[in-house]
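S.K.: structure, please.
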Amino acid sequence: MKPYEIIDCHFHPAVDDKTDTGWFDSAGSMKYQIETLRRAGISRACGAPIGKIVNPKSFRKIRHLNDKALALRDKYPDFYIPGIHIHPEFPDESCREIERCCGGEGVRWIGELVGYWMDYGNDYASRNAIQIFRTAIEYGAVVNFHCGDLKVIGKLCTALPELKLVLAHPGSGRKDFLARIKIVSKFKNLHLDISGSGIDRFGILSYAIDTSGAEKLLFGTDYPINNPAVYVHGTLLENLSEKERKLLFSGNFLRLIGIRT
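M.R.: Now for the predicted structure:
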């Protein structure tokens, strides 16, 4: 395989049993997770540890997940790029957390935000969420979010055109994918990561790039839920130009977080 820098923008590190999202087996130690991603050809990985949170009474559990991400970054600085969580039910605390992590710690990635795991559903365009994301804009942070409601996605993109957004997953079927890539192509500030279902449909990446532009797609796997090699080799097999492949594998991610190549 030709050596590419491949950055996985959609990784959920399993730092303990509560953050292990593996479906059929434990993700194993962090050393094993990193070795697995590297064996697949992935150079670095970004994302937030995620844990199930139901009816939170305070911001404490969300902050605890962010602390895990920062500690993991400090332990594996050459591989892991931290992502953090916010919560729309706690707008003031979320804004202070962005100030702490993005301002004080240099974090540039928020998410993947998964509202159905943290008991806020698709609450990405409410008054509270907008307040939080305005703070993300101040610190140049990218927001990677899971959302199946096209109206919410459009409302958020329209309300905050300066916010750098990455929509997670192409979608579970052809109709879903076509609707999602259509909205990605509509909004300048909206991008799509290729993790989740859909990558197995041959030609999907070429179609997405032809429709929305080569600058709109980011490489992601959703490991340890998914097999990372499927995404690497699926991308390599598609009929993409070298420029398109480099942008997808790492160039678009680096540009969004403010690193020019």
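
S.K.: what comes up buried for stretch 18-31?
M.R.: Along stretch 18-31, the positions that meet the burial threshold by neighbour count (16 or more other Cβ atoms under 10 Å) are 19, 20, 21, 27, 30. For every residue, glycine as well, the C-beta is placed using N, CA and C.

S.K.: out of the residues you listed, list just those in helices.
M.R.: Among the buried residues of stretch 18-31, the ones falling in helices (DSSP state H) are residue 30.

S.K.: biggest separation within the buried residues of stretch 18-31, which pair?
M.R.: The span of those, defined through Cβ to Cβ, is set by 21 and 30 at 13.8 Å.

S.K.: overlap in contacts of the two?
M.R.: Taking Cβ atoms under 8 Å, 6 or more residues apart in numbering as the contact criterion, the common neighbours of residue 21 and residue 30 are residue 14.

S.K.: can you pull out the helices in the stretch 151-261 of the chain?
M.R.: Listed from the start of the chain, the stretch 151-261 of the chain has helices (DSSP state H, counting those that start in this stretch) covering 174-186, 204-212, 228-237, 242-246, 252-256.

S.K.: tabulate these (a markdown table), appending distance to residue 86.
M.R.: A markdown table is the format used below for those (distance: least, Cβ to Cβ, whole Å):
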| stretch | distance to residue 86 |
| --- | --- |
| helix 174-186 | 22 |
| helix 204-212 | 26 |
| helix 228-237 | 26 |
| helix 242-246 | 31 |
| helix 252-256 | 18 |
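
S.K.: closest one to residue 97 among the ones you listed?
M.R.: With Cβ to Cβ as the measure, helix 252-256 is the member of these nearest residue 97 (20.2 Å).

S.K.: for the closest one, buried residues please.
M.R.: Residues 252, 253, 256 are the ones in helix 252-256 that count as buried (16+ other Cβ under 10 Å).
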